[in-house]
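A.B. asks: Got a predicted structure here, sequence first:
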Amino acid sequence: MADMHSEADLAFVRETMLAQKEPPIAEQGALKWLRENLFSSWLNAILTVLSLLLVYWVLAHTLPWLLRGVWDAGSLAECREIRDARYGDGVDAACFAVITDRWQQLLFGFYPRELYWRPILALLCFFAAIAPVLFARVPRQMLGFTVAAPFLIFLLLWGGTIWGPLTVALGFVIGWACIAFLTKPLGRLVATIAAVLLPIIFWLFLAGPLARELGNILPIGLEPVGSKDFGGFMLSFVIGVAGIILSLPLGILLALGRQSDLFLINKVSVGFIELIRGVPLIVWLFTASLLLNYFLPPGTNFDIMLRVIIMVTLFSAAYIAEVVRGGLAALPKGQYEAADALGLDYWQSMRLIILPQALKIAIPGIVSTFIGLFKDTTLVVFIGLLDPIGLSNSIRATTDWNGIYWELFLFIGIMFWIFCFSMSRYSMYLERKLTREHR
Amino acid sequence: MTALDTELQIDRSKLKVSDEVAVQITKMNKWFGTFHVLRDIDLTVYRGERIVIAGPSGSGKSTLIRCINRLEEHQSGKIEVDGTVLSSDLKNIDKVRSEVGMCFQHFNLFPHLTILENCTLAPIWVRKTPKKEAEETAMHFLEKVRIPEQADKYPGQLSGGQQQRVAIARSLCMRPRIMLFDEPTSALDPEMIKEVLDTMIELAQEGMTMLCVTHEMGFARQVANRVIFMDQGQIVEQNEPEEFFNNPKSDRTKLFLSQILGH
Ligand SMILES: Nc1ncnc2c1ncn2[C@@H]1O[C@H](COP(=O)(O)OP(=O)(O)OP(=O)(O)O)[C@@H](O)[C@H]1O
Ligand SMILES: [Mg+2]
């Protein structure tokens, strides 16, 4: 019957356009999401239910404890009375009063109460100083402040006359002047050696007396606060941040040293890295607190915090060096060759071509080393410094708060987590930004 | 052979070779470990010469031109570039490198820098040219390789042919007196080969001294004034292109040519 069709039957012209329809319910919004993500198979569904049960179980045990928390009381005993009165005998309830009572100590240790403005101001200076380093949007002129900030922060935290930090800064100026003025007449090698040696000699033998003399003539400064009064998060923060800032350049130098063709430099770098990494940090900290004094000239009063900072720096520099070495090894050989072929010298090609790319590759590793370093600062409790953990012990030792654990550790944990989590987020931001730029 | 054969227009009468020596290699030997890669190489390159180096894979072509800017170190013999003798003296090496440009098979642009920054980096840091001036020079050479509009992009955003032209511009920004090319087109698709070869031809026309390792025999025939054939680390035969292709002397060359020309 095919030939019965006329041409008019075959031709088709649509006259009304179909309106858009909603997809079937099962394909929409929350339902679709649930099906795809939580119940896509039997196994998945069972796991979902089990996880929900687990979450419920955890919350059921902790939430009441958290929510019933008592915030104002003078001691654990008082806390218990309030709890018994409110919820009945023996009900689980947190006693956060210990934090309202002792938070200053947890943050500042035994730093004099009337001087709290100084660490707070120092923290603000720190943020202002790292802003232009971390974010390209911040005006470049701020970098000038970044250079001055370490000395300012030192003065704010430890006090003393302004001449101490100034003479230390003068040492750096001497080093810079050696490079700037001696390179032409004496050659680069001599200038570099002078730039390293002269400041060290200056710091060891001249800076102290000079600062003292100047202090006698013009005693401008702040009330001194000793390292033994430092404690709590301030202590962790100072050690952690100083370690992070100092260990990055040192780690990079070690990584370059390990890659170097120069026999001595190579072997020294490898030896240093393997020695430092192969021994637990706690051993190095004990070395810092006990042994270092034997090696120093008698009578030198080498600040304990400074010693700890040096050890922590060396320790994390060894790890950074290995992470950076991974980045260096990941670069194609062509990048080194192109830089060489253009006539760039070693330092130029490292600084302009190799390191920017190697460090980008190494960002995740570098940041996790830093996070590790920051958390490891809690180990200083074993050499008698009062970091937050140390303080929690001494708070527990008082009769008022004898027997309190969870609330303190929760607080300490949250504080550390905030800091580490921000570092991790920043590293993700940086990686995304660099990837976007280079695509 | 490529499309180049018919399209190439080059006025050979304008290409002048002077009798000033640009590169002088005498009795040069190189080993990789115990492997003797280059054996008794003697080669004199005059200013304005366009030399194509051909030969089977592994014959030491790359190694030879890489010795000229000391990306590889030779163990005996003498290499003199523009009157500077290459030894382990770093000063001389840097001097030679800043006067000898090099283009690689895989371009080796710096991926973290823009095209413009790639081109200005060496002039600014090695030649100490002021930034403004370096950028002007860079734009001049980017125009010459016909990609000024890409100046602010990153290498990853460019096609292979464009990247290789940027690499050429980057070398030119150092105002080199000699250019080395190591298989500049072998990583490229056929359509892109032509754009890179065109750029190289223009360069030849301006009198640049060029040493070029390539399998583009069309290019060799039309642009080169001398073709060098290498095998097993030795120069087996060299001649002007016409003679080299039509009348090869050694059996190795004949075999190579029959393989590479496909008949
Ligand atoms: N760094 C190195 N270490 C050891 N051997 C090497 C090294 N570089 C090259 N060789 C060897 O030296 C020989 C010559 O290498 P070269 O790269 O110069 O060859 P080529 O002529 O450029 O070959 P192709 O056409 O494949 O690029 C090869 O046998 C290669 O295996
Ligand atoms: Mg090769």
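C.D. replies: That came through fine. Numbers count the residues shown, from 1 in each chain, chains lettered A, B, ... in the order given. Ligands and ions are numbered 1, 2, ... in the order given.

A.B. asks: Roughly how far does the residue of chain A found nearest ligand 1 sit from B:Asn108?
C.D. replies: Closest contact between chain A and ligand 1, by CB to the nearest ligand atom, is at A:Lys333 (9.2 Å). Using the backbone N, CA and C atoms, a C-beta is placed for each residue, glycine as well. Between A:Lys333 and B:Asn108 the distance is 9 Å, computed by CB to CB, to the nearest Å.

A.B. asks: The two: which is more packed in?
C.D. replies: Counted by other CB atoms under 10 Å in any protein chain shown, A:Lys333 and B:Asn108 do not tie: B:Asn108 has more neighbours, with 23 against 9.

A.B. asks: neighbours of B:Pro190, just the number please.
C.D. replies: For B:Pro190, using other CB under 10 Å, the count is 9.

A.B. asks: A:Leu235 too?
C.D. replies: With other CB under 10 Å as criterion, A:Leu235 counts 28.

A.B. asks: ok, and the closest non-adjacent residue to it?
C.D. replies: A:Asp387 (5.2 Å; CB to CB, 6 or more residues apart in numbering or on different chains).

A.B. asks: Same check on A:Ser394?
C.D. replies: A:Leu386 (6.8 Å).

A.B. asks: how about that neighbour, what does it touch?
C.D. replies: A:Gly109, A:Phe110, A:Phe230, A:Gly231, A:Gly232, A:Leu235, A:Ser394 (CB atoms under 8 Å, 6 or more residues apart in numbering or on different chains).

A.B. asks: Now that we have the residues you listed, which of them are buried?
C.D. replies: A:Gly109, A:Phe110, A:Phe230, A:Gly231, A:Gly232, A:Leu235 (16 or more other CB atoms under 10 Å in any protein chain shown).

A.B. asks: quick one: which of these sit in helices?
C.D. replies: A:Gly232, A:Leu235 (DSSP state H).

A.B. asks: tell me the two of the buried ones among the contacts of A:Leu386 that are most distant?
C.D. replies: Farthest apart among those by CB to CB are A:Phe110 and A:Leu235. That separation is 10.3 Å.

A.B. asks: what sits against the residue nearest to A:Leu235?
C.D. replies: Contacts of A:Asp387 by CB under 8 Å, 6+ apart are A:Gly231, A:Gly232, A:Leu235, A:Ser236, A:Thr377, A:Thr378, A:Val380, A:Val381.

A.B. asks: if we go to 7 Å?
C.D. replies: A:Leu235, A:Ser236, A:Thr377, A:Thr378, A:Val380, A:Val381 (CB atoms under 7 Å, 6 or more residues apart in numbering or on different chains).

A.B. asks: One more: A:Gly365?
C.D. replies: By CB under 7 Å, 6+ apart, the neighbours of A:Gly365 are A:Val323, A:Gly326.

A.B. asks: how close does it sit to A:Leu152?
C.D. replies: 32 Å.

A.B. asks: same question, B:Gln164
C.D. replies: Distance from B:Gln164 to A:Leu152, by CB to CB: 51 Å.

A.B. asks: quick one, which of the two is more surrounded?
C.D. replies: The neighbour comparison of B:Gln164 against A:Leu152 (other CB under 10 Å) goes to B:Gln164, with 29 against 17.

A.B. asks: nearest residue to the more buried one other than its sequence neighbours?
C.D. replies: B:Val196 is the one closest to B:Gln164 (CB to CB, 6+ apart), at 4.8 Å.

A.B. asks: what packs against the helix or strand hosting the one you found?
C.D. replies: Using DSSP states H and E, B:Val196 maps to helix B:190-205. For helix B:190-205, the packing partners by 3 or more CB pairs under 7 Å, 6 or more residues apart in numbering or on different chains; DSSP states H and E come out as helix B:160-172, helix B:217-223.

A.B. asks: Please render those helices as a markdown table that adds distance to ligand 1 and mean pLDDT to the earlier fields.
C.D. replies: Listed next are the helices and strands packed on helix B:190-205 as a markdown table, based on distance: least, CB to the nearest ligand atom, whole Å; pLDDT from 0 to 100:
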| stretch | distance to ligand 1 | mean pLDDT |
| --- | --- | --- |
| helix B:160-172 | 16 | 94 |
| helix B:217-223 | 14 | 90 |
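
A.B. asks: List the contacts of the closest residue in space to B:Leu158 that isn't next to it in sequence.
C.D. replies: Computed as CB to CB, 6+ apart, the closest residue to B:Leu158 that is not its neighbour in sequence is B:Gln150, at 6.0 Å. Contact partners of B:Gln150, counting by CB under 7 Å, 6+ apart, are B:Ile115, B:Leu158, B:Gln162.

A.B. asks: mind checking how far the last one is from chain A?
C.D. replies: Spelled out, that is B:Gln162. Remark: distance between B:Gln162 and chain A (CB to the nearest CB, to the nearest Å) = 15 Å.

A.B. asks: What is the burial count for that residue?
C.D. replies: 21.

A.B. asks: Surely it and B:Glu149 touch.
C.D. replies: No. Here B:Gln162 lies out of contact with B:Glu149, judged by CB atoms under 7 Å, at a distance of 10.4 Å.

A.B. asks: residue ranges of the strands in the chain, please?
C.D. replies: Let's take chain A. A:160-161, A:221-222 (DSSP state E).

A.B. asks: Not quite, go with chain B.
C.D. replies: With DSSP E as the criterion, chain B has strands spanning B:21-32, B:35-46, B:50-54, B:76-81, B:84-85, B:100-103, B:178-182, B:209-213, B:226-231, B:234-239.

A.B. asks: in the stretch 151-263 of chain B, what spans have low per-residue confidence?
C.D. replies: Scanning the stretch 151-263 of chain B for pLDDT under 70 picks out the ranges B:263.
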